[in-house]
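J.: return atomic coordinates for the entry below.
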Amino acid sequence: MSKFTRAWMVLAVAAVTVFLLFAFAGAGSADVEFRSYPFPLPEVEDVISRWLHSNGFEIVRACREGGQVHLGAMKEGERWQIMLKPRSPLASEVQAEYFRQGQPDQALQKELWAHLQRYARNPAAEQEDYGVPSPVLAHSESVVCIKAERGGKPIQFSGFIIDREGLILGTAHDLEGIQEVRVILDNGHELNGQLCRADHDRDLALIAVKTRFDACISLSRGRNLLSMGEKVFSIGCPVNLQGTVHAGFIDGPPRKVNTLLLWQVNMEVLPGSSGSPVFDTQGNVVAVVKGRYRGTDSVGFLIPMETIREFMGQK
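T.: Below you'll find the predicted structure:
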């Protein structure tokens with residue numbers, strides 16, 4: 001590399017840095033709320049920085065008064081303003097704003113909050129988020145844990161919000177003889193749920209809760225036909241770890257089990273995964289996790305979208 005080329009590269013990097021510093025000089029809008037997280041400021045800064053880098057952003061860091069840290073991040077047409085401040089030696093507060101083409105946009109902002117919530121619950125699962133398409137992660141706030149008791153023993157599986165008025169879809173095989181369940185939302189809030197309908201042949205159930213949701217997973221955007229080898233992602237609550245993401249691929253043609261057609265998938269399926277929504281790379285729901293092949297954790301079976309629509313009376 002010539003001295004001339006190196007000089008231009010140094011100048012280019014310096015120019016970008018100066019631009020970013022000026023672009024984010026006014027960070028920290030007074031009307032944007034801070035959210036609290038139970039880890040120290042250096043840790044939350046590392047988690048956010050890794051997430052921004054994994055999404056292709058260049059970061060400029062600046063220290064502010066009172067131990068606060070400002071992160072400015074940018075890539076073509078998109079930018080972040082993020083302010084971090086210590087709440088205590090073991091907790092931090094985060095304020096974040098995201099802009100696409102100069103306009104505020106909450107879509108990716110929700111993904112950052114969801115990523116931090118998943119990290120707070122299970123730091124070891126952080127790497128699972130990297131490489132997962134943004135449209136898939138955007139659905140994580142609509143996935144719930146479902147808990148109940150049967151015969152004095154606790155049961156737990158997954159489900160997802162399909163209607164803003166409080167309807168939740170899950171599997172039915174754990175619900176025989178049960179009418180009431182507890183539904184744990186992505187934010188940890190717990191609600192009482194009432195079983196509305198169960199179809200044990202299709203292994204699907206509808207549960208109602210008395211609340212209104214800001215977001216849901218639309219079945220109208222679901223896809224019926226998957227391809228052999230197609231990559232898919234589940235978000236669920238296996239072994240009580242809410243918001244866990246597993247990636248896999250369709251590795252066999254639909255198989256008929258009793259009267260039900262099921263997709264076979266090469267994907268980690270753990271106890272509690274049943275009822276997890278499954279998405280394609282565009283974030284369209286394509287199936288629901290039914291269960292796993294006995295004796296393995298990596299071969300699962302999915303209830304296809306066509307069966308879900310039959311259950312919902314949409315066909």
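
J.: nearest residue to His53 other than its sequence neighbours?
T.: Excluding the flanking residues, the one nearest His53 by Cβ to Cβ, 6 or more residues apart in numbering is Ile59, at 7.1 Å. Bear in mind the C-beta positions are built from the backbone N, C-alpha and C, glycine included.

J.: state the helix or strand in which Thr307 lies.
T.: Per DSSP states H and E: Thr307 is located in helix 305-312.

J.: and that helix, what other elements does it pack with?
T.: Secondary-structure packing of helix 305-312 (3 or more Cβ pairs under 8 Å, 6 or more residues apart in numbering; DSSP states H and E): strand 204-209, strand 260-267, strand 285-292.

J.: if you set the cut-off to 10 Å instead, what comes out?
T.: Judged by 3 or more Cβ pairs under 10 Å, 6 or more residues apart in numbering; DSSP states H and E, the packing partners of helix 305-312 are strand 167-170, strand 190-199, strand 204-209, strand 260-267, strand 285-292.

J.: what about the longest one, average pLDDT?
T.: In this model, strand 190-199 has a mean pLDDT of 95.

J.: and it, what other elements does it pack with?
T.: Applying 3+ Cβ pairs under 10 Å, 6+ apart, we find strand 190-199 packed against strand 143-150, strand 167-170, strand 180-184, strand 204-209, helix 305-312.

J.: kindly present those as a markdown table, with separate columns for mean pLDDT, distance to Arg118 and mean neighbour count.
T.: Shown next, in a markdown table, are the helices and strands packed on strand 190-199 (pLDDT from 0 to 100; distance: least, Cβ to Cβ, whole Å; neighbours: other Cβ atoms under 10 Å):
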| stretch | mean pLDDT | distance to Arg118 | mean neighbour count |
| --- | --- | --- | --- |
| strand 143-150 | 93 | 11 | 21 |
| strand 167-170 | 96 | 20 | 24 |
| strand 180-184 | 95 | 14 | 19 |
| strand 204-209 | 96 | 22 | 22 |
| helix 305-312 | 94 | 25 | 19 |
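
J.: tabulate these (CSV), appending distance to Gly67.
T.: Output for the helices and strands packed on strand 190-199, formatted as CSV (distance: least, Cβ to Cβ, whole Å):
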stretch, distance to Gly67
strand 143-150, 35
strand 167-170, 42
strand 180-184, 34
strand 204-209, 41
helix 305-312, 50
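
J.: ok, the residue most central in space within the chain - contacts?
T.: By Cα atoms, centre = their mean, the chain has its centre lying nearest to Ser140, at 2.9 Å. When contacts are counted by Cβ atoms under 10 Å, 6 or more residues apart in numbering, Ser140 is found next to 110-111, 113-115, 117-118, 129, 132, 160, 186, 235-236, 242-245, 277.

J.: weed out the non-buried ones from those.
T.: The neighbour-count test (16 or more other Cβ atoms under 10 Å) marks 110-111, 113-115, 117-118, 129, 132, 160, 186, 235-236, 242-245, 277 as buried among those.
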